[in-house]
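[1] Okay, predicted coordinates and the sequence, questions at the end:
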Amino acid sequence: MHYFERFIRDLNVRNKILVIVISSIVLSLITAFILFALYDRQSFRKGMIQELTVLSDVIAKRTSAALLFRDDRAATANLESLSVKKNIILACIYDDKQAVFATFDRHGDAHETSEGTNCPPLPYSGNDIFTLLQGDISILVNPIRFSGKQLGWIYIAASMDELALRMRQLLLIGTLIFLSAGVIAYLFAVRVQRYITQPLINLQHVLRTITKSRDYSLRATKESDDEFGHLVQDFNRMLHMVQEANLRLSDAVEEIKSQKSESDDKAVGAEERTVAIKEFFAGVSHDLKQPLSAINLFLGVLENENNEEKRRNYISKVMESSQNLNTLFDELLDMSRIEQIMNDVNKTRVFLPDLIGRIIKDFGVMANDKGLYLHTHVRDIYVYSDSTMLERIIRNILANAIRYTQKGGVLIACRQRGEDVSIEIWDSGVGIPEDRLKSIFERYTQLNNPDNEAINGFGLGLSIVSRLLSALDHKLELSSRVNRGTVFKVVAQGLREVAKIEEVVDKWQSGNPFFGKFAIVIDDERNIAEAMLAAAMAWDINAEAATSIKQLHELLATMDRAPDIILTDYTLSETETGLQAVDIIEDYFDKPVSAIVITGEKDEAILKEIEFYGCHYLPKPVDLRLLKQKIDEVMHESAFKVGGE
């Protein structure tokens, strides 16, 4: 028993359930079978006694006359009628003296007595029916009466072999039932145990996964509302508590690490700043002395110069040196204020049109003096930033853009990019070599000034921009091509605002077909892409631009809607075409998009290829009036097709 208990205890839950279910069913069947067999045996024996009683009554009535007249032959003949009953093996008639009067013996020599017959001594001599079971023999004694007088007794012995045969048949049937029931019970138990074991297996799997991965965010699935369901629910609550405790512990550890790292960084930063300040002020004296010395020299020459033309030239030189000196002092002031500004970040809603409007007023004259255009395309967008710091960032980038641009101009544009806003400063200046894209954010770095002369300041502008962006948690994207131009993109968190209802209604009532439309402009020439971008925005078309297939992929990753139209150059590079760009855009959004391909090619094969792609053709050079007319025509055709479908 102890071994059995140990065996059951060591089984897994699934096998335990199988054993319990099958054992319960089999034991129930065995119990039912035993009870049924006992009942059937008793019923069979009772039936046999009743049958023997009826037969004995019949024989007794027939034999009463034979006993009165002592006719043993008639009595024997009556007993011979019992031969049809195969189970009766012996029948005897006793007279009133309990002597054997007549006999029927199926086996001849069974139950021999001292009197030479097989009839045993009368086991009962009363007035009632008597029954007795001796082994597999059932005995019945029935009195014989006539007119109330006892004449004798009839004795019948019947074999119980038929009952034994019946029990064997019943045992065979029971065995078949047990086997069938066992198979059915096994199949049933296998299916039912899943409802019990599967939640435990799932719970065990989740627990093992958590143990290996230490990921306390995992949860077990509650599949029922029984005890297992409540167990899973309590287990998930416990996991939630462990997860919260682990997060608090992780936060505490990270905070300690952060504090230590911050402390170490501050120590290193303080040391670096000390060294940098020493180096900075070591060079400041020389840089400040240059314009001051030039001013003193020119003033000395002016004092003794009488030629009016030369005097004007010297005065211009003095003013130039004074302007350079003013630039140096501005950077010194920025340097002195930067630490205080970075320690006092105050992020709030910033309305970009107002902020950029102030900057344009200050830089418009500077751009005009250099013969540059300064354009803006700013939508009514809010960003979440520090107004003072963001303005300083844009001012420094814009100052550099104007400083290094000799022809063309500068464009400031703002556009929504999902949840963010991109503030972009495009210029057509000298560009930045690829190997200098990172170094320009280092202190005292200037382009096209190998001798680090102070004519353009100390080279702190973009270094300050980098630090301010880090403090604001804004991103900066930079792209440039030498002798083509540069674009700086400051990406800040946008705050979606509903446009003024009056402006929306005005644009809607004006019947502008381009209002609310969206276009993608693709041209490998940055100036052309910028000009087409500005034109699209001027027509109230929200637009994005790319100068290569690679940049197009990057642009598509930030977009959440398909363009209404594509404006693309045919030749983007030696291996890339505008038709490939159209395919990429249509595959990305899984829908056809109307496109205008602009090219100076006259090759009939190229024009047929454009037509084959279902694109519209526009020759170079592009006339803005014709471009606008073509866009209107294509958009109208696209709207008609959609409506027709």
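    In hand now; what should we look at?
[2] rest of the way, CA atoms for contacts and neighbours
    Will do.
[3] Spatially nearest residue to Leu18, not counting backbone neighbours?
    Leaving aside its sequence neighbours, Leu18 sits nearest to Ala189 (CA to CA, 6 or more residues apart in numbering; 5.5 Å).
[4] neighbours of that neighbour, just the number please.
    Neighbour count for Ala189, taken as other CA atoms under 10 Å: 19.
[5] so who does it touch?
    Shown in contact with Ala189 (CA atoms under 8 Å, 6 or more residues apart in numbering): 17-18, 21-22.
[6] what pLDDT does it get?
    At Ala189, the predicted lDDT confidence score is 76.
[7] what about it, helix or strand, and which?
    Using DSSP states H and E, the element containing Ala189 is helix 161-213.
[8] thinking again about what came up before, tell me the one among the contacts of Ala189 nearest to Arg392.
    Ile17 (74.6 Å; CA to CA).
[9] isn't the closest one right next to Gln193, touching?
    Yes: counting by CA atoms under 8 Å, Ile17 touches Gln193, with 6.3 Å between them.
[10] what pairs with Pro143 across the strands?
    For Pro143, the beta-bridge partners under DSSP bridges are Trp153.
[11] wait, it sits on Ile156?
    No: with contact defined as CA under 8 Å, Pro143 does not count as touching Ile156 (11.7 Å).
[12] Tell me the helix or strand right after the lowest-mean-pLDDT helix or strand in the chain.
    In the chain, no helix or strand scores lower on mean pLDDT, DSSP states H and E than helix 501-509, which sits at a mean of 44. Using DSSP H and E, the helix or strand that directly follows helix 501-509 along the chain is strand 518-522.
[13] Next secondary structure element downstream of that next one?
    Using DSSP H and E, the helix or strand that follows strand 518-522 in sequence is helix 526-538.
[14] buried residues in that following helix?
    The neighbour-count check on helix 526-538 (16 or more other CA atoms under 10 Å) flags 526-530, 532-537 as buried.
[15] Equivalent analysis for stretch 194-212, please.
    For stretch 194-212, using 16+ other CA under 10 Å, the buried residues are 197, 199-200, 203, 206-207, 210.
[16] May I have that stretch exported as PDB, CA atoms only?
    Extracted C-alpha coordinates of stretch 194-212, given in PDB (Å, rounded to 0.1, in the frame of the first residue of the first chain):
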ATOM      1  CA  ARG A 194      -6.900  18.700 -20.500                       C
ATOM      2  CA  TYR A 195      -9.400  21.100 -18.900                       C
ATOM      3  CA  ILE A 196      -7.600  20.500 -15.600                       C
ATOM      4  CA  THR A 197      -4.000  20.100 -16.600                       C
ATOM      5  CA  GLN A 198      -3.800  22.600 -19.500                       C
ATOM      6  CA  PRO A 199      -4.200  25.600 -17.200                       C
ATOM      7  CA  LEU A 200      -1.500  24.200 -14.900                       C
ATOM      8  CA  ILE A 201       0.800  23.400 -17.900                       C
ATOM      9  CA  ASN A 202       0.300  27.000 -19.200                       C
ATOM     10  CA  LEU A 203       1.000  28.400 -15.800                       C
ATOM     11  CA  GLN A 204       4.100  26.300 -15.600                       C
ATOM     12  CA  HIS A 205       5.200  27.500 -19.000                       C
ATOM     13  CA  VAL A 206       4.700  31.100 -18.100                       C
ATOM     14  CA  LEU A 207       6.600  30.600 -14.800                       C
ATOM     15  CA  ARG A 208       9.500  28.900 -16.600                       C
ATOM     16  CA  THR A 209       9.600  31.700 -19.200                       C
ATOM     17  CA  ILE A 210       9.600  34.300 -16.500                       C
ATOM     18  CA  THR A 211      12.400  32.500 -14.700                       C
ATOM     19  CA  LYS A 212      14.600  32.400 -17.800                       C
END
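[17] mind checking pLDDT for the residue of the chain most remote from its centre?
    Computed with CA atoms, centre = their mean, the residue of the chain farthest from its C-alpha average is Phe69, at 108.8 Å. Note on Phe69: pLDDT of 86.
[18] My guess is Ile423 contacts Gly494. True?
    No: the criterion here is CA under 8 Å, and Ile423 misses it with Gly494 at 10.7 Å.
[19] For the residue positioned nearest the centre of the chain, which three-state class applies?
    A centroid search over the chain (CA atoms, centre = their mean) returns Leu218, at 11.7 Å, as the residue closest to the centre. Of the three states, Leu218 takes coil under DSSP: H, G, I helix; E, B strand; the rest coil.
[20] Please tell me how far the residue nearest to Leu18 sits from Ile22.
    Ala189 is 7 Å from Ile22, where distance means CA to CA, to the nearest Å.
[21] One more: Ser258?
    The gap separating Ser258 from Ile22 is 62 Å, by CA to CA.
[22] Look at these two and report which has more neighbours.
    The residue with more neighbours, out of Ser258 and Ile22, is Ile22; 21 against 14, by other CA under 10 Å.
[23] Give the residue spans of the stretch 151-300 of the chain that score low on pLDDT.
    Within the stretch 151-300 of the chain, the segments meeting pLDDT under 70 span 228, 266, 268-270, 272-300.
[24] what about Tyr613, how many neighbours?
    Applying other CA under 10 Å, we find 12 residues neighbouring Tyr613.
[25] So what does it look like in phi/psi?
    When read as degrees, to the nearest 10, the backbone of Tyr613 gives phi -80, psi 0.
[26] what sits against it?
    Counting by CA under 8 Å, 6+ apart, Tyr613 touches Leu579.
[27] again, but for Ala367
    With contact taken as CA under 8 Å, 6+ apart, Ala367 is in contact with 373-374, 402, 409.
[28] Look up how far Leu90 lies from it.
    142 Å.
[29] Helix, strand, or coil at Thr103?
    strand.
[30] wait, doesn't it sit right on Pro120?
    No: in this structure, Thr103 is not within contact of Pro120 by CA under 8 Å, at 10.8 Å.
[31] Which one's more surrounded, these two?
    More neighbours surround Thr103 than the other of Thr103 and Pro120, with 24 against 15 (other CA under 10 Å).
[32] Now the more buried one: closest residue in space, sequence neighbours ignored.
    Excluding its sequence neighbours, the residue lying closest to Thr103 (CA to CA, 6+ apart) is Cys92, at 4.3 Å.
[33] Let me have the host helix or strand of the one you found in CSV, keeping just the CA atoms, if that works.
    Assigned by DSSP H and E, Cys92 belongs to strand 88-95. Extracted C-alpha coordinates of strand 88-95, given in CSV (Å, rounded to 0.1, in the frame of the first residue of the first chain):
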residue,chain,number,x,y,z
ILE,A,88,-33.5,-32.7,-11.3
ILE,A,89,-31.1,-35.5,-10.4
LEU,A,90,-33.1,-37.3,-7.7
ALA,A,91,-36.7,-37.5,-6.6
CYS,A,92,-38.1,-39.7,-3.7
ILE,A,93,-41.6,-40.3,-2.2
TYR,A,94,-41.7,-41.2,1.5
ASP,A,95,-44.8,-42.7,3.2
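[34] Go ahead and name everything in contact with that strand.
    67, 75, 79, 82, 100-107, 119, 122, 151-159.
[35] Then stretch 68-80?
    Applying CA under 8 Å, 6+ apart, the contact partners of stretch 68-80 are 59, 62-63, 66-67, 91-93, 101-104, 151.
[36] how about that stretch: buried residues?
    Across stretch 68-80, burial judged by 16+ other CA under 10 Å covers 72, 74-76, 78-79.
[37] All set now, cheers.
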